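> Fold the following.
(chains A and B)
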Number of protein chains: 2
Amino acid sequence: MTDRREFRDLVSPDVAHEIIHDLPIASPPETVSLTSARGRVLAERIDADIDVPGFDRASMDGYAVRGRDTFGADEAAPVDLDRIGAVHAGATPDITVDSGEAAEISTGAVMPPGADAVVIVERTQEHDDGATVRVHDAVAPGDNVMIAGTDVAAGTRALGPGTRLTPREIGLLSALGVESVPVRGRPTVGIVSTGDELVRPGSTLDTTRGQIYDVNSYTIAAGVEEAGGEAKLYPHTGDDYDEMEQLLIEAADECDLVLSSGSTSASAVDVIYRVIESRGDLRLHGVAVKPGKPMLVGELDGSAYIGLPGYPVSALTIFRLFVAPAIRSVAGQPNPQTATLTGKMAVEERYAEGRLRLMPVGTVSNTVGETLVYPVDKGSGATTSLVEADGVVAVDPDTEYLATGESVTVELFSPDVRPPTLLGVGEDDPVFSRILDTLSNPRYLAIGSREGRRRLRNDVPDIAVVAGPSDRSLDTISLGSWKREWGLLVPTGNPANIDELSDIIEMNQQFVNRRTDSGLRRELDATIDSLADDRNVSREKLTQSIQGYERGAKGVESPARAIIQGNADTGLGLRITATERDLEFISLGTQQVSVEANPNRIEKSGVEELSDHLDSDTVNIDSYHGYEH
Amino acid sequence: MTDRREFRDLVSPDVAHEIIHDLPIASPPETVSLTSARGRVLAERIDADIDVPGFDRASMDGYAVRGRDTFGADEAAPVDLDRIGAVHAGATPDITVDSGEAAEISTGAVMPPGADAVVIVERTQEHDDGATVRVHDAVAPGDNVMIAGTDVAAGTRALGPGTRLTPREIGLLSALGVESVPVRGRPTVGIVSTGDELVRPGSTLDTTRGQIYDVNSYTIAAGVEEAGGEAKLYPHTGDDYDEMEQLLIEAADECDLVLSSGSTSASAVDVIYRVIESRGDLRLHGVAVKPGKPMLVGELDGSAYIGLPGYPVSALTIFRLFVAPAIRSVAGQPNPQTATLTGKMAVEERYAEGRLRLMPVGTVSNTVGETLVYPVDKGSGATTSLVEADGVVAVDPDTEYLATGESVTVELFSPDVRPPTLLGVGEDDPVFSRILDTLSNPRYLAIGSREGRRRLRNDVPDIAVVAGPSDRSLDTISLGSWKREWGLLVPTGNPANIDELSDIIEMNQQFVNRRTDSGLRRELDATIDSLADDRNVSREKLTQSIQGYERGAKGVESPARAIIQGNADTGLGLRITATERDLEFISLGTQQVSVEANPNRIEKSGVEELSDHLDSDTVNIDSYHGYEH
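Numbers count the residues shown, from 1 in each chain, chains lettered A, B, ... in the order given. This is a model prediction of the structure:
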């Protein structure tokens, strides 16, 4: 590990933008049919090649006349004209309107020779079995007629180069008879994932070998398409030099831009570094931004190359900041209009990096329409941060402190991102999890009851779901509660004949506990405390005898899954889980689960929606096995 | 025309929304691959089926150790451990870490049995040729390790139904190994265009029969796709009952929703009316909204049917207001976030309709970041209004007057619509038309010099391009000017031997003039005035002898095109047009064209961009034939 590359020459973000801007990302224009042109960008100006309309066109249903024949006509003094026939839309007029004559005409029809105006049908009456038309209105030449070329004159500029084609422009192009249009090309972006441990979704994971599913390739591919490029995924590779070189050269030959992504391994980055240096031109290694230090930029066999960091949120952040604008620029796409929102810090934050920090944040709106902003994913690299963060706040290198309430701008991960309608935190509970399915756009962070209570006190979430014993009372408003039966899960048939809690202490069974942040674990701990009191021993004396007690699993279903997979004999869980997972259940008690609302958010529509749902008779919580409302 | 249907039972827009909401627009969910899931909406909740990570995972490069072996270690008092081997990402550990031992480990690798923490490589040194690792930092169990299931625990709710899939959610799904996802279906929307005069773009128009290209089918198809549906175009039909019935039934059988669109003809609407009444269920005919009176809503053979008005802007407006929300609702798509903007009326408007009016408006921003809003397309039905209007302002039935400066909300035609960077009005000039191609996102309305001057005085546009004599001076700032040579265009070889203006008076030639709003026409009128003075006759005496003098063509190229098509002997035009179109040219003078800026907009970036361009040496206006800078 002594030849590990150090990224000492960090360039500023502005310089990185310039270097990326100067990369040779080619993308020749192409011609597409009008029906597939939506969202594309014109490569050239389009001039009208025809007059629209191409003829003098009646713009109302009525009678084609000579305007001067109607001068002075009104309700009191109508004028009678000879009705000489009719002209319909789509037909060549076979009549000529002379002085004293009128021809019935439909909207869109060609004005017959001789006529210069249309009297609308509502201002006329037919007489003499249709031989005479009585006109109650005077019209001037040109009235209710659209003269040829009035809408668009042939030869005029219709749309300029760089115009993004929305339904409106597509309508104008169709009026001009344009069936195919020259548009800016979509750059092909190859995505090479690095890391021997990566597997494509759909394949089976071998977790004993440490395999994980590839995340960045899919996130970035979707980002590429969103920015107007075409993504092409390449097979993953490890840190073998020859393999990496072959793959990168293949991608560079086939694509306009190559992105590498996926691995956090320094050795893979190092191999890429050497490939670019030997087969291309490395122009940047390291940007003074957090995250993003290991970013590489260069040229490889005539194509552009950019290496992204490995953590999913970091990769998307760097992609969004540096790569997406380059793709949009090549594709001619404008920057998305709604890629930012302004909010207030919900908490305070301190910084010591001395370089630009792109802080991933979640957002939540309060009842007065403000957006509150809170940091997520402090370097954990978790995939869930992808959906828990809405975007990033760029914190200046000079900023050491952001106060609660300070105004910040959130650069959203994509223009479609919306703050959730409801931000909930707290206990992992299967009933609440199903209730979430009925709400519009909720976000729920299952961080456990204790942490849920803490955050609710800090006024960030809208609600907390709490269960189990607590030392502090909450100044909150209860929206509803239900009971859940908890106990021990065992395999079908209960092979070890576990009957009560003390059995797992004495029988030396492999037990799966929950983490101490869960209300369920706190309930178990309290029960063990009572048992210890009864036996007049310390709690530790008992828990040390329970194999696996100290290591808690995160999810409410985790112990059940460990038992099903044969990795455990028993675990802490709920009756509902046992029923759903076909396990047997030894009940140890019931526990109340409450939904507690932040008193400042009680009027927020997402909170009202949840409250209505909890109040509603249509919610039958009893239908969830083993629960009492 | 006596059986024409009268739409007397107009319903309110709210009732129309309800009726449309209750239409049976079916769209069953489907399963798509993760790579084509972007922008789709989940039909079901997705629970995690695996733990992420699936194993205890090193989250840094370093050494896997037992945390308790490092207690108390620091720079001053390092701890030496035996280096027993290495574990790489993607490999199964083949070693066990016992007390006093350390194993090299890469980020992402499986923690070897026995180890419970990782010391990062920067806090270690190898000694004794790699046999010993000196640890300078104490780590607690769990440090730099991501425990299995910490990121996502198997069994937990990952994404709820109704979630729109952006790159972030696609990343989470790939982490869970999900390769295909159940998404809401995209309703198939059939578009039937009515009108015998309609022709598809790409076909040749027969203008003698009054043919025009179909606009609404393409505008609405693009709108359908934008809203999340799939558009299917049907052949156009006229007002024959059997043909219409067959086409509508075919579309109803193949689609979830049928839209009719295209014709303004009352007889075609009437035929549709009768088909729906006899083969389906007509639920609404006429909404109290302008435009939109002829809107029909019903059911036809189990599918939904909606009829749109005929004018392009009206059709798009009604589509956007009533149909797009229904399509989005069926497709599960949220309403676009940026479909509105707030602006101030740039002019005053009066209303007398007594029903909701959807006023098409254009927008322009001023230098203090406000958006000014002005009405366009006052019922003209012009196609160009599609690109001249940015959206509509809904004016309440009770509103009789909107004052200049009054705040209004513009509902944009689509979320991608942006106010232009520069709003220009005035003369149709080929040089300026090319200059527009170099600007970012300009909008130019070629309404002629006189109307251009008037609007600039009213403070709506940013600039006006003016040419020819004017009665009033402008209080404006000139950004630049050039000269253009004007005169008579004649066919190659000048068959009628026209040498000067008086020839067209005496020779009885068919002449094509320009409209009186153009500066070019005003120049010709002034020249004829001089000639009349010379001859001591009235101007009318002379112009009555010029065949075609009174009827002016709109576009600067229109006279040239009429000559090329053999419809005229001579016409008013510019030398540049003659050169470009291979016509001969009889010069009658030169005329200055000036770009005049609104003094209140001089600092607007679009005006600065134009000004820089006009100042720039790189603009060689001389390269346009026949022009002097």
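> Residue A:447 against residue A:425, yeah?
Yes: contact criterion CB atoms under 8 Å: residue A:447 and residue A:425 qualify, at 5.5 Å. In short, each C-beta sits where N, CA and C put it, glycine included.
> quick one: common contacting residues for those two?
Both residue A:447 and residue A:425 are in contact with residue A:455, where contact means CB atoms under 8 Å, 6 or more residues apart in numbering or on different chains.
> which one of the two has more residues nearby?
Remark: of residue A:447 and residue A:425, residue A:425 carries more neighbours, 24 against 19, as counted by other CB atoms under 10 Å in any protein chain shown.
> so what strands line up beside the helix or strand containing that one?
Assigned by DSSP states H and E, residue A:425 belongs to strand A:422-426. Paired neighbours of strand A:422-426 in the sheet (DSSP bridges): strand A:442-445 (parallel), strand A:463-467 (parallel).
> deepest of these, which one?
The highest mean neighbour count among those, using mean count of other CB atoms under 10 Å in any protein chain shown, belongs to strand A:463-467: a mean of 28.
> Beyond it, next helix or strand please.
strand A:477-490.
> Wondering if that next one reaches chain B at all.
No: Strand A:477-490 lies out of reach of chain B by CB under 8 Å from any CB of the partner chain, never closer than 12.4 Å.
> Mind giving me the packing neighbours of the next helix or strand after that strand?
Once the chain leaves strand A:477-490, the next helix or strand it forms, by DSSP H and E, is helix A:501-506. With contacts defined as 3 or more CB pairs under 8 Å, 6 or more residues apart in numbering or on different chains; DSSP states H and E, helix A:501-506 has these neighbours: helix A:519-535.
> What mean pLDDT does the helix it packs on get?
Mean pLDDT, helix A:519-535: 94.
> So the closest residue to residue A:422 other than its chain neighbours: helix, strand or coil?
In space, and not counting its chain neighbours, residue A:422 is closest to residue A:606: 3.4 Å by CB to CB, 6 or more residues apart in numbering or on different chains. Following DSSP: H, G, I helix; E, B strand; the rest coil, residue A:606 is assigned to helix.
> Surely residue A:606 and residue A:462 touch.
Yes: using CB under 8 Å, residue A:606 makes contact with residue A:462 at a distance of 6.4 Å.
> Give the residues shared as contacts by those two.
residue A:422.
> quick one, which of the two is more surrounded?
The neighbour comparison of residue A:606 against residue A:462 (other CB under 10 Å) goes to residue A:462, with 26 against 23.
> give me every residue that touches that one.
A:364, A:422-424, A:597-598, A:601, A:604, A:606-607.
> With adjacent residues omitted, what lies nearest to the closest residue to chain B within the stretch 301-450 of chain A?
Closest contact between the stretch 301-450 of chain A and chain B, by CB to the nearest CB, is at residue A:383 (4.0 Å). Distances taken as CB to CB, 6+ apart place residue B:175 nearest to residue A:383, at 4.0 Å, with adjacent residues excluded.
> Please report the distance of that neighbour from residue A:261.
Applying CB to CB, to the nearest Å, the value for residue B:175 to residue A:261 is 14 Å.
> Check residue A:408 too.
28 Å.
> who's more crowded, the two?
The residue with more neighbours, out of residue A:408 and residue A:261, is residue A:261; 27 against 18, by other CB under 10 Å.
> Now for the closest residue in space to the more buried one that isn't next to it in sequence: which residues touch it?
Among residues not flanking residue A:261 along the chain, residue A:216 sits closest, at 4.1 Å (CB to CB, 6+ apart). Contact analysis of residue A:216 by CB under 8 Å, 6+ apart lists A:191, A:193, A:261-262, A:308, A:310, A:312, A:315, B:171.
> Recalculate using a threshold of 7 Å.
Residues near residue A:216 by CB atoms under 7 Å, 6 or more residues apart in numbering or on different chains: A:193, A:261-262, A:308, A:312, A:315.
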